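K.L.:
Just a sequence and a predicted model for now, questions to come.
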Amino acid sequence: MMSRREFLKAGTIAAGVVTLGQAVTAGPAAAKEKFSGPAPEYEIYALKYAGPFRSKLAFVLWKHGWNEEIDRYYYIWAIKGKNETIIVDAGQGPTYAGNKKSPNYVNPVEMVSRLGIAPDSVKKIIITHIHQDHAGGMEVFPKAFPNATFYLQKQEFDFWIKSPIAKKRAFDESSDPLANKILADMEGTRRLKLISGDQKIMPGIELLLTPGHTPALQSVAVNTQKGTAVVASDCAHIARSFKEEIPSALICDLPGWMRSFDKLKAKASSIDLLFPGHDAALLRDYPKVAEDITRLV
Ligand SMILES: [Zn+2]
């Protein structure tokens, strides 16, 4: 286990642009000043909006299982508290999903209403990373959720929206230009909050910088009745990734990814409370509360 100091250092190196000062202000001491009293508990829901997508196991478990196949699903998540529900990710946009003929696609906006959440009650939407299956829904989300502020890591935004490297085919194929244009137009407005490093955004909800799959993917640590759970998104595509410490084949920064595995394992109260981005188990192994929606905690 890394000490806090070592961890900050590792995080600084992985993030590249995160200064130690920023990391310290985002830490527990600063958070305590802002939020006092015991953290409230939240429920976590997985909303399956597309799939199954059949692929080689080696795609989601890098270099393991070239001859095995696996079903992947596409999800967004809802973190439900007493007073508000936070949405994690926007899923695929309807235009992109239509062009690619995503199987069983349901507009993620519709999935949120299936959970009984009024669109204008949503104040916070966390985007974990700018891949088409997580941020593509920005095509429709800002209009559909008119009172929501979107939370993204600044380094993730700067890479996908501004770096010429993101236009190279190896990156560009993972992203949705229509959604990225809308994100670009939101820069500097009150509707987009660009975060640098770890940050508590509410009592019991913390954004965690977990690079590896993309330059600055973020996961979400959530206080629940079972302890700290983490909506990890694609820090692992399937639960086996956390157990075996094998990433998916879509790697941006391999050493960074290994540090992110360590970070999330140290954060979650148990490995079963680390929720991966595309595992069929999220849909299959948890109580169903509505069509294609399960309660994880
Ligand atoms: Zn994904």
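P.N.:
Nice, thanks for sending it over. Numbering: from 1, shown residues only.

K.L.:
which residues in this structure form strands?
P.N.:
Assigned by DSSP state E, the chain shows strands spanning 43-56, 69-80, 85-88, 124-126, 149-153, 192-195, 199-202, 205-209, 218-224, 227-233, 274-276, 288-290, 293-295.

K.L.:
Looking at those, spot the one closest to Asp253.
P.N.:
Asp253 sits nearest to strand 205-209 of all those, at 11.7 Å, using Cβ to Cβ. (C-beta placed from N, C-alpha, C; glycine too.)

K.L.:
For the closest one, buried residues please.
P.N.:
205-209 (16 or more other Cβ atoms under 10 Å).

K.L.:
Now find how far off-centre stretch 238-248 is within its chain.
P.N.:
16 Å (Cα atoms, centre = their mean, to the nearest Å).

K.L.:
Stretch 279-297 now?
P.N.:
With Cα atoms, centre = their mean as the basis, stretch 279-297 stands 17 Å off its chain's centre.

K.L.:
For it, what does the pLDDT average out to?
P.N.:
Model confidence over stretch 279-297 averages 98 on the pLDDT scale.

K.L.:
Now the residue of the stretch 151-297 of the chain found nearest the ion. Nearest residue, chain neighbours left out?
P.N.:
Using Cβ to the ion, the single residue of the stretch 151-297 of the chain nearest to the ion is Asp234, 4.4 Å away. Nearest in space to Asp234, with sequence neighbours left out and distances taken as Cβ to Cβ, 6 or more residues apart in numbering, is Gly277 at 3.9 Å.

K.L.:
so what's the one you found up against?
P.N.:
Going by Cβ atoms under 8 Å, 6 or more residues apart in numbering, Gly277 touches 75, 128, 134, 232-237.

K.L.:
rewinding a little: unless I'm mixing things up, the residue of the stretch 151-297 of the chain closest to the ion is touching Ser248, no?
P.N.:
Yes - counting by Cβ atoms under 8 Å, Asp234 does reach Ser248; the two are 7.0 Å apart.

K.L.:
Now for the protein: which helix has the highest residue count?
P.N.:
Using DSSP state H, we find that the single longest helix of the chain is helix 254-267.
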